[in-house]
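# Build the 3D model from these lines:
(chains A and B)
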Amino acid sequence: MERSQTVTQKFSSFSSSSSSASSREDRPREIDRSRSLGPVKLEKSYGKKERDTETVTIEEDEEERQEEEEVEVVVVVNKEEEVSNVPEEPSEASFGSMSEEVDGFLSFLLSIDDGRDQWPEPPAMPEPTIKKFLDFVEEELVKYESGKDGVSPPANDELVLFDAIDRVAKLTSALSIFSSDTRYNKAMTRASSILRYAMCFLEDEFHSLLEDSKPKKDPGIARPKAKRRPSIGHLHEAIDRCVPPSSEPDLVEFPSTYPPEIIERLRGIAGAVVSAGYATECCQVFTIARHNAFDVALSNLGYEKLGVDDVQKMPWDSLEAKIATWIKVFRQTVEVAFPRENDLCEAVFAGHSTIAYSIFHNFARGVTILLLGFAEAVAMTKRSAEKLFKVLDMYETLRDMVPRIDALLRTESEPDDCSAAHDLTTEVALVGSRLGEAVVAIFCDLETSIKTDMGKNAVPGGAVHPLTRYVMNYLKYACEYKNTMEQVFRDHKTSENPSSQVEDAAKGSSDDSHNPFAIQLMEAMELLHTNLESKSKLYRDPALCSIFLMNNGRYIMQKIKGSTEIHQLLGDTWSRKRSSEMRQYHKNYQRETWSKVLACFKDDGLQARGHVAKPVLKERLKSFNAMFEEIHKAQSSWVVSDEQLQSELRVSVSAVIVPAYRSFLGRFSQYLDTGKKSGKYIKFGPEELENYIDELFSGNPSSMVSRKRT
Amino acid sequence: MGPGQRKGETLSNGDKRGLLGFRASGIGDLRHRSNSLLPLLQSPHLSFNFDRTRDSTDAPGLRFGGFGGVTMPAADFQGLSAPFAATGRSFLSLRRDHAAHPMDAHHRHHIDAGEQREFDAFQRQVADLFNDLAGGGDEILSISWIRRLLDTFLMCQEEFRVILFGHRRPPALIDRLVSDFFERAVKALDVCNAVRDGVDQVRQWRKHLEIVLVTLGPGHRELSEGQLRRAKKALGDLAILMLDEKDTGSVMSHRNRSFGRNSGSSSSSSGRRSHFRSLSWSVSRSWSAARQLQAIGNNIAAPRGHEVVETAGLAVPVYTMNSLLLFVMWALVAAIPCQDRGLQIHFSVPRSYLWSAPIMSLHERIVEESKKKDRKNSIGLLKEIHQIEKCVHHLTDLMDAAQFPMADDREMEVRQGVQELAQVYEALKEGLDPLERQVREVFLRIVRSRTEGLNCLNGAE
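Numbering: from 1, shown residues only, chains lettered A, B, ... in the order given. As a prediction, this is how the structure comes out:
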C-alpha cells in the first residue's frame, strides 16, 4: 500500500508540468486492492467494438454531442447492472464507452493523417474523454501494480489492461500528428508519460515473470541412451575382458522453461510492449533473462566452464570426465534446450516471427559458441593414444548436432550460403574438423608406438605379447567407430590433397583400396606383424619361435573374427594370407620339433641283411625316450592359451607321432627281450604317449619322471 | 571506415616501405580470413555424404556429412603456408640491409649469415609496424587502432612462422624456446575468448543506444516527455551496464535514484536489479584477465648474449614474439571489457631492440590513459566506450535539467547530444563485427601455428 502510493506520487511528479497531472496531485489517491477490472468490463469493451466504424465518420461537431450521449447511455447501463458501484466509481463504469470513443477518435485522426495539410486547424478533440481515459488507465496501472505482490491477477484483467495500453500507445502517436497544437501537445505528453510508465511497469513485470517463475521439474524427459562404448583408458590392463562402462555421472536434464499460464502472461506483455514500439527493451530483458537462466542450468548440470589453458593442464582422467559431461550437455542443449527455447520465443513473441527468430538465433549462437570452446580446447591437447575414443565421441556429437542446429535455424527466405544457420553450422563443422584432425594424428601415433616398441625380453612360453593385445584391442575399439574413422580419414586426405576428392568420388568410396582408413589400418597391422617377427627372434628355440608367432597370429585372427568391422576393412585376401602364414608356422614347428623324433622310427639302418640290429634298436628307443621326455618337459611349459589352437597342435602331434610309434613298436618290439628289461627301452605305451602329448602347451612345467615313480 | 579501406591503407603503407610482395600476400590473406566463413561457403568441398546422418542429409539445402571439406585446419593452413613461405623467403632475401642488432657483433660469425639477415629483417619489420601504430592516423585505443594492432600482430606472427619453420634446426635448440612461446600463446587464447565476449557485451550496449536514437532521433518532430523518459531510462540502464562489475553494487543504488521507476520508494534501497545485467559468459567466475596477463608475461626476459649464441640467434625472434604477444593481449584487456581486468604487468624492452621505442611509448600512453581521472574506473579504455560514457552523462544531465515544454535551445542541445551518440553508434556498428572476427582470427592463427610447431617438434624427435 505504502509503496504503491509513493509510486503514484512519483509518477505524478513526472508529469508535473502538465496541467492534468498537477490537478491530479491535489487529490490523494486511495488504492483499493480488492477492486478489479472484472470480466463484465471486458465484455463491454469488446461487445461494443463493432460500433468503431460508425464513429470514424462522425464530424467534429457531432462528436462532442455523441460523447455526452454515450456517457449517459453507459451510465444508464451501468445503473442497471452494478447499481451500488455507480456513485463511487463512475469512471470504471464508463471505461468501455471511453475506450470506444478513443478508438473512434483514433481512427478519425489516422484517416486524416495523409491529408493533414488540409487541416489548418487541428480537429476538435474529445478532451474530457481522453483525460478520463488516461486517468483511468493510470489508476488501473497503479492498482494493478500494487496488487501484483499478492496473488496473480485474473488473466482477464491483464487483457483489459494490455488493450488499454495499446490504445494509449496508438493515441500517443496519433496525437503527435497535431503536436504543434497546445491542446494536442498536452494530451500527447500526458499519454506518452502514461505509456512510458506502463512500459516501465511491464518491463519489470516481464522481467520478474522471467526470473522468478520457477519451472516445474519435467519428469517426462527421455533418458539418454547409455553410450555404447566403455572408456578404455587402461587398455593394457583391460586385456581381453570387456571393460564395464564407467559409472555415468547424473543424467543431464535441462529444466523446462515456464508453465503455460506464465507463458500466456509473457505473451500478453510482450504483445503490448512490442506493439507500443518498445520491442528493443523487451527483447533485451528476455534475451538476458534466458541467457542467465541457461547459465544457471548449465552449472546445475555440473558443467564447468574451462579455459583453453585449464584444459591443457588437466590430467587425462579428469578431462575424460569433463568430456563425458560435455557430450551429454551439448546433446541435451541441442536436442532439448534449443527446441524448448525456440518454442518459448515463438510462444512469447507470437505474431512477431522476426523478433522470435532473432532472439532464438542469438541464444543458439551464444550457447553454441560457448560450448564449442571446450571442444576446441580438447582438440588442442597433447595427443595420446587413450584420448582417441573420447575425441571421436566429441566429433560424432558435433557432427550429429549440425543437422539439428541447421533445422532449427534454417529459414525459408534466406539463401543457403549466407544464412545465419549456415554461419553457425560452419563454425561447428570447423571445430569438428579440428577434432577430426586430432583423431587422425592420434591414430597415426599408434604406428609410431608399434614401431618403437622394441622390448628385449621375450614373453615366457611364447605366449601372446602384450603389444599384440594392446594393438588389437585398440584397433577393435577404433573399428567400432568405423564409419566415423573412415570419414575422418577421407576428410584428412582431402585436406592434404584436395584434388584427390574428385578422384575418389569418381571411383566410389566403397572401394577399400581408396579407403584411407583401411589403408592406415592395414599399415598398422603390417607394422605389428613386422614387430612380432622381430620379437620372435628373441627365442633361441626355433620351435618356440613358431609357437610365439602362432599364438600371436591366432590372437589376431580371433580378434578379427570377433569384429565384423575390422574383418571388412582388412578383407578376405588379408585373412587368407594370414591363415596360410599360420599353417606355415605350424609346419615349421612340426619340422623343428618332431622330425628328429620321427627319424627314430625309420627302418633305415635298423635292419641289416634281414636282421634287426638290436643295439641300434635299443639305441633308437633310448634316444626317442630321451628326446620325448625333453620335449615334454620343455613344451609342457609353453603357453598356448587359445584352446582350439592348443588342441589342434596336440592332435596334429599325436597324429604324426603316435601311429608312427605304434607301428614301430609293432614291427620291432618282438626283437627286444621280454620281461623286466623291455620296460627299460619301451617307456611309454602308445596311449601314454598320447596323454603326455596332451600335456604340451599347458603352461605347467611338469616332469613325467616324477609322476612315473608314484 | 569499412574493412576494405582499412586494409587498403595498411597496404599502401607497406608499399611505401618496399614491402610489396610480402605485405600484399599477408594482407590478402588477412582479408580472406577476416571474412573467414565466406570463402568456405563457396568451397567445392562442400559435398558430403555420411552414412550416419543419411536420414538427415535431406534437410533442405545442406547436405552435411561429417565435416569434410569445410576446411580442415590443415588444408586451410596449407593453402596459405606454401605460397606464403615462398613469398616470405624471396622477400626476405631481398632485404640485405644490415639492421642494428641487439647482439654482440663478435657473436655473429656463429650464426648462419642468411638466417641472421632474416632475423634482422624481422626486427626491422616489427619496428616499422609498431612505428606506424604509434604514429599513425588512428587514435590510440579506438576500434580501428585495435584492429590495426591485431593486423600487425598477425603479420608478425606469420613472419615468425616462416622464421621458425623455414629452417631445419637441431631440435634441442628450439625445443625449449618454442614450447615456451606456445605455452604463453595458449594462455593468450583464453584472453582472446574473454575479449570476444567483451566485444559481444559492447554489442549489447548498442541496443540501448538504439533505443535512445529511435526515441529521440530526427524521426520525431517533437520531443515528448514520455520519449525523453524512455531515452533516459535506456541511458540509465546503459550507465549501469557500463560500470565495472565489482563496482556495480555500490554505485547501482546511487544511480537508481535518477533512473529507477520506483526510485524513492522503500523497495529501491535493496538495489534495483538490472534487467540487463548478464552473467559472465564464456569464462568461469574465477577467471581473471589480470592473472592471465601475468601468466603470459611471466619470465619474459631479453636473451643474454650466450643464450643468443646457444640458440643460433633464434632466441631473439622468440623473445620478440613473446613481448608482442604480451603487449597485444595486454592492450586488448586494457581496451575491451572483460572479467577482472588489471593492467599491472611488468613490461619493458631493452632499448637496443629496434621496436622497443614505439612499443614502450604505446605502453606508456595506454598506462597514462588508464590513470586519467575519468577513465580510471572505466570498464574498458576503448575510445568508443569513452565516447559513449561522455554522451550518456551529457545527455542524462541535459534531460535531468529539462523542463516541459522544452525550450528550443534545450531541445537543440539534446538533439545534438543524440547526434553525437549516433556517431558512436555507427562506429560500433561498423567496427565491432570485424573486430570480433579479427580476435577470432588471432585465436585461430595461434592454434594453427601451435599445432604446426608441435608437429614439427614431434617430427624431429
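# Give me the below-cutoff pLDDT ranges for chain A.
In the predicted model, chain A carries pLDDT under 70 at residues A:1-94, A:113-117, A:147-156, A:214-252, A:412-419, A:498-513, A:674-678, A:702-710.
# mind redoing it with 50?
Within chain A, the ranges that satisfy pLDDT under 50 run A:1-91, A:150-151, A:216-249, A:508-509, A:512, A:709-710.
# Which single residue in it comes nearest to chain B?
Closest residue of chain A to chain B, C-beta to the nearest C-beta: residue A:192 (2.6 Å). For the C-beta atoms, the positions are set from N, CA and C on the backbone; glycine is no exception.
# Please tell me how far that residue sits from residue B:411.
Going from residue A:192 to residue B:411 by C-beta to C-beta, to the nearest Å gives 15 Å.
# of these two, who's got more company?
Set residue A:192 next to residue B:411 and count neighbours by other C-beta atoms under 10 Å in any protein chain shown: residue A:192 wins out with 26 against 17.
# Now that one: phi and psi?
When read as degrees, to the nearest 10, the backbone of residue A:192 gives phi -70, psi -30.
# doesn't residue B:163 make contact with residue B:449?
No. Counting by C-beta atoms under 8 Å, residue B:449 stays clear of residue B:163, with 11.4 Å between them.
# Let me know the pLDDT of residue B:89.
Here the pLDDT value assigned to residue B:89 is 34.
# ok, for the residue of chain A closest to chain B, nearest residue in space, not its chain neighbours?
Nearest residue to residue A:192, sequence neighbours excluded (C-beta to C-beta, 6 or more residues apart in numbering or on different chains): residue B:226, at 2.6 Å.
# Next, the contact list for the one you found, please.
A:172, A:189, A:191, A:192, A:193, A:194, A:195, A:196 (C-beta atoms under 8 Å, 6 or more residues apart in numbering or on different chains).
# Surely it forms part of a strand?
No. Counting by DSSP: H, G, I helix; E, B strand; the rest coil, residue B:226 is not found in a strand; it is helix.
# Show me the shaky parts of the stretch 51-200 of chain B.
B:51-65, B:68-109.
# And the helices in it?
For the stretch 51-200 of chain B, the helices defined by DSSP state H, counting those that start in this stretch occupy B:73-94, B:113-135, B:143-165, B:171-216.
# wait, is residue B:290 part of a helix?
Yes. The assignment for residue B:290 by three-state DSSP puts it in a helix.
# List phi and psi for residue B:409.
When read as degrees, to the nearest 10, the backbone of residue B:409 gives phi -70, psi -30.
# Oh, that last question was meant for residue B:378, not what I typed.
Torsion angles, degrees, to the nearest 10, at residue B:378: phi -70, psi 150.
# Give me the neighbour count for the nearest residue to residue B:188 once chain neighbours are set aside.
Excluding the flanking residues, the one nearest residue B:188 by C-beta to C-beta, 6+ apart is residue B:329, at 5.0 Å. Neighbour count for residue B:329, taken as other C-beta under 10 Å: 28.
# ok, now which ones touch residue B:329?
Residue B:329 makes contacts with B:188, B:191, B:192, B:292, B:293, B:296, as judged by C-beta under 8 Å, 6+ apart.
# Ok, residue A:582 next?
Residues counted as contacts of residue A:582 (C-beta under 8 Å, 6+ apart) are A:550, A:553, A:554, A:557.
# Buried subset of those residues as a ChimeraX selection?
Of these, the buried ones can be selected in ChimeraX as follows, counting by 16 or more other C-beta atoms under 10 Å in any protein chain shown:
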select /A:550,553,554,557
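# Dump the contacts of residue A:582 to a markdown table, plus secondary structure.
What follows is the contacts of residue A:582, written out as a markdown table (three-state DSSP):
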| residue | secondary structure |
| --- | --- |
| A:550 | helix |
| A:553 | helix |
| A:554 | helix |
| A:557 | helix |
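# The contacts of residue A:582 into JSON lines, with extra columns for distance to residue A:485?
Shown next, in JSON lines, are the contacts of residue A:582 (distance: C-beta to C-beta, whole Å):
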{"residue": "A:550", "distance to residue A:485": "30"}
{"residue": "A:553", "distance to residue A:485": "24"}
{"residue": "A:554", "distance to residue A:485": "26"}
{"residue": "A:557", "distance to residue A:485": "21"}
